[in-house]
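Undergrad: Here is a sequence together with a model predicted from it:
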Amino acid sequence: MEKIIELSNIVKNYKVGTIIVRALRSVSLDIDKNEYVAIMGPSGSGKSTLMNLIGCLDTPTSGKYVLNNNDVSKLDDNQLADIRNNEIGFVFQTFNLLPRYTALENVTLPLIYAGFSKTERLERAKEVLESVSLTDRIAHKPNELSGGQRQRVAVARALVNHPSIILADEPTGNLDSKTSIDIMNLFDEIHELGNTIIVVTHEEYIAKRARRVVRLMDGEVESDVDNEVPVESEGKN
């Protein structure tokens, strides 16, 4: 399989006052195209730091990060912004939708930064909203949508630029059990269409939906195993 992510000896240190916090300690990890990976770990394990590095929201203290054959470990802020917009679709626990914008307008935002014309933006946004079953909600603002519908808008926004990776941070954290299952079913469908999905979660029932589970502990990879038969979740325990 062709690798889409290659992390080699990634170290990330933070300075808090006079104390050096070692968030990641020589992490090496490869992810292939069209993989579906869950990253797990308790608070303080380094999973949020790893997510920020994979998502090009931060850079490593040392080590090498190759994303889709591009060495992004040494890029400046503007170059990282370009990579984020073109290569990565983000889905956040808190949806991160603009409250005064409609679903359609929220989904078009990444295309504005990418330089698409208004006609192209609207056409593509309508397509992805249809793909997440929200055609009848495109003119609604976030406060007129349910939590599940808002997360579907966020997923559509993540997909609109045809990114290399969908990176989801606790995507069901603010949803009830039934809605959580619906969103994870949507991720299954997206994966089947050929997308690479990385889900950062602390929920075992979410990780069971992935094809591979990477567990972090104290800034290191504690385990990296395949899920032989991914299971459909019955909801939160």
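TA: Sure thing, it's come through.

Undergrad: where does the protein dip in pLDDT?
TA: For the chain, applying pLDDT under 70 flags the ranges 229-237.

Undergrad: Residue 180 contacts residue 174, correct?
TA: No - taking Cβ atoms under 8 Å as the definition, residue 180 is not a contact partner of residue 174, at 9.5 Å. C-beta coordinates here come from the backbone N, C-alpha and C atoms, glycine included.

Undergrad: so how many other residues sit close to residue 33?
TA: Around residue 33 there are 15 other residues, counting by other Cβ atoms under 10 Å.

Undergrad: and what of residue 177?
TA: Residue 177 has 14 nearby residues by other Cβ under 10 Å.

Undergrad: Equivalent analysis for residue 157, please.
TA: Counted with other Cβ under 10 Å, residue 157 comes out at 26.

Undergrad: That one and residue 107 touch, don't they?
TA: Yes - counting by Cβ under 8 Å, residue 107 is a contact partner of residue 157 at 4.7 Å.

Undergrad: Spit out the residues that contact those two alike.
TA: With contacts defined as Cβ atoms under 8 Å, 6 or more residues apart in numbering, the residues adjacent to both residue 157 and residue 107 are residue 128.

Undergrad: hmm, back to that, more neighbours: which of residue 180 and residue 174?
TA: residue 180 (23 against 16).

Undergrad: what residues are up against the spatially most central residue of the chain?
TA: Centroid-nearest residue in the chain, with Cα atoms, centre = their mean: residue 167, separated by 1.2 Å. Residue 167 makes contact with 51, 54-55, 88-91, 198, 200, according to Cβ under 8 Å, 6+ apart.

Undergrad: If you count contacts, what does the lengthiest helix in the chain end up packed against?
TA: If you go by DSSP state H, the chain has its longest helix at helix 177-192. The contact analysis (3 or more Cβ pairs under 8 Å, 6 or more residues apart in numbering; DSSP states H and E) places helix 177-192 against helix 147-159, strand 165-169, strand 196-200.

Undergrad: what angle sits between the second one and helix 147-159?
TA: I take that to be strand 165-169. For strand 165-169 against helix 147-159, the angle by axes from the mean of the first three to the mean of the last three Cα atoms, to 10 degrees is 150 degrees.

Undergrad: Dump the C-alpha coordinates for strand 165-169 into PDB.
TA: C-alpha atoms of strand 165-169 as PDB (Å, rounded to 0.1, in the frame of the first residue of the first chain):
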ATOM      1  CA  ILE A 165      -7.100  12.900   5.000                       C
ATOM      2  CA  ILE A 166     -10.200  13.300   7.200                       C
ATOM      3  CA  LEU A 167      -9.000  14.100  10.700                       C
ATOM      4  CA  ALA A 168     -11.700  13.900  13.300                       C
ATOM      5  CA  ASP A 169     -11.200  15.000  16.900                       C
END
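
Undergrad: Buried residues in that strand, which are they?
TA: Going by neighbour count (16 or more other Cβ atoms under 10 Å), the buried part of strand 165-169 is 165-169.
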